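> Okay, sequence plus prediction incoming.
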Amino acid sequence: MVLDASGEAVIEDVVEACRRGDADAFRELFETYKDRVYSIALRYSGNPAAAMDIAQDTFVKLLSRIGEYRSEASFDSWLYRLVVNSCIDDQRRGRRIAPFLDGLIDAVCAPAESVLHKLMRAETEQRVQDVVARLAPEHRIVIVLRYTEGLSYDEIAGIVGCSPGTVASRLNRAHKILERRLAHLRPEQGAKS
Amino acid sequence: MNNWLEPELQRGLRSVSAPDELWDRIQSAQSSPRPQNRSFVWAMAAAVAVAAVGLSVVRAHRDNAAGDEAFAIHALTSDSRRVAFHCQNPAQLRAWVKAKTGLDIPLRPDPPASIQLIGAASTADRAEISYRAADQNAVLLVSRADGAADVPHDRASGNVSSWVMAGRRFTLAADTAADLQIACKLCHLD
């Protein structure tokens, strides 16, 4: 396997090895991308069990379809498309409900900060996730790719198959909806910091 | 966009670490692959659905094991599994089905880890329990068979089994015959 200056395997070589059926290469790809895939799945679905299903589905598809990957395109973008499609497939099954207590339970179990502060923060984050989970799919996916993965408009456009202008439009629309639904989180005007 | 929203979104939607068991699940999924030819599956599902509708029209008022089996296969292969009530609690699911259909399905109150309930759907005379058995799709249909004599398990095809018991017709379908064995644990002890 070819390593770059930092000692990491060059992703194209790992992909090529995976394409040849190298099990270690698949494990390498999994380790490289598992957090990104799971994070997108979790933030899109709002449900850890659904996120596990989506992530599993994505990696199984990766293995079965890696022969379709063309190296002139970014492997990241290709994989993001797989996970986005898995998210949409899962949504179509329509069998998910977002758990409301997971974040709060985690907060109570975490010892480092004061429980009250942790609870308030977890409640705020859960509220954000719940509101995002209620966005229309086309708005939700651009929000998740933007804020979970920090992708550019161009990158998002390549993944979801639309123009950067459409991405901007969807983000703008989603922001307006989120601003309205999360208005209670807005700091009061003129409040001292 | 207002300045306050972006940090809230970045915090609320931040990246997280994948659970360690994800790799095991992928390994498990690879060792028992799902059907890959989706167009074939859809064609089969459509054919089965048409057959189910035809059968239900012809035999609308009769107990119909074939219809239930076709319905079960369709429910299993459809990507849009019909779930009206999402619930992972056996007692609540049992109560919901009983309230909707009058059918009492003896779900185990403490199913093993290999059984993961998804939810239920119902019509006036039929209940449909959707769940996962060893990470594969499974569905249990229960319909009325008033006056019918008990009939032991009948394996209609490799992954479907039906039987009649106490005036109710049970139809169980899973992705594979092996999964069917595990799917039985929805109601039965190991």
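Here it is on my side, so go on. Residues are numbered from 1 along each chain as shown, chains lettered A, B, ... in the order given.
> Can you tell me, leaving aside adjacent residues, what's nearest to whichever residue of chain B sits closest to chain A?
Nearest residue of chain B to chain A: residue B:12, at 2.9 Å (Cβ to the nearest Cβ). The way it works is simple: take the backbone N, C-alpha and C, and place the C-beta from them, glycine included. Spatial nearest neighbour of residue B:12, chain neighbours left out: residue A:128 (2.9 Å); criterion: Cβ to Cβ, 6 or more residues apart in numbering or on different chains.
> And for residue B:179?
Closest to residue B:179 by Cβ to Cβ, 6+ apart is residue B:136, at 4.4 Å.
> Now the residue most central in space within chain A: which helix or strand?
Closest to where the C-alpha atoms of chain A average out (Cα atoms, centre = their mean) is residue A:40, at 1.3 Å. Remark: residue A:40 resides in helix A:23-45, with elements defined by DSSP states H and E.
> where does chain A have low pLDDT?
Chain A contains residues with pLDDT under 70 at A:1-9, A:94-118, A:188-193.
> hmm, back to that, which strands and helices sit next to the helix holding residue A:40?
The contact analysis (3 or more Cβ pairs under 8 Å, 6 or more residues apart in numbering or on different chains; DSSP states H and E) places helix A:23-45 against helix A:11-19, helix A:48-65, helix A:75-93, helix A:115-133, helix A:137-147, helix B:21-31.
> Could you dump those helices into a markdown table and include distance to residue B:141 and mean neighbour count?
Formatted as a markdown table, these follow (distance: least, Cβ to Cβ, whole Å; neighbours: other Cβ atoms under 10 Å in any protein chain shown):
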| stretch | distance to residue B:141 | mean neighbour count |
| --- | --- | --- |
| helix A:11-19 | 41 | 18 |
| helix A:48-65 | 23 | 21 |
| helix A:75-93 | 18 | 19 |
| helix A:115-133 | 31 | 17 |
| helix A:137-147 | 30 | 22 |
| helix B:21-31 | 26 | 15 |
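> out of those, nearest to residue B:47?
Between residue B:47 and the helices and strands packed on helix A:23-45, the shortest gap by Cβ to Cβ is with helix A:75-93, which sits at 20.8 Å.
> Export that closest one to PDB, keeping only CA atoms.
Output of helix A:75-93 as PDB, limited to C-alpha atoms (Å, rounded to 0.1, in the frame of the first residue of the first chain):
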ATOM      1  CA  PHE A  75     -14.000   9.400  -3.700                       C
ATOM      2  CA  ASP A  76     -15.300  11.500  -0.900                       C
ATOM      3  CA  SER A  77     -18.100  12.900  -3.100                       C
ATOM      4  CA  TRP A  78     -18.900   9.400  -4.400                       C
ATOM      5  CA  LEU A  79     -19.200   8.000  -0.900                       C
ATOM      6  CA  TYR A  80     -21.200  11.000   0.200                       C
ATOM      7  CA  ARG A  81     -23.700  10.300  -2.600                       C
ATOM      8  CA  LEU A  82     -24.000   6.700  -1.300                       C
ATOM      9  CA  VAL A  83     -24.800   7.800   2.200                       C
ATOM     10  CA  VAL A  84     -27.200  10.500   1.000                       C
ATOM     11  CA  ASN A  85     -29.000   7.900  -1.100                       C
ATOM     12  CA  SER A  86     -29.100   5.500   1.900                       C
ATOM     13  CA  CYS A  87     -30.600   8.300   4.000                       C
ATOM     14  CA  ILE A  88     -33.300   8.900   1.500                       C
ATOM     15  CA  ASP A  89     -34.000   5.200   1.200                       C
ATOM     16  CA  ASP A  90     -34.400   4.900   4.900                       C
ATOM     17  CA  GLN A  91     -36.700   7.900   5.000                       C
ATOM     18  CA  ARG A  92     -38.900   6.200   2.300                       C
ATOM     19  CA  ARG A  93     -39.300   3.200   4.600                       C
END
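> Much appreciated, bye for now.
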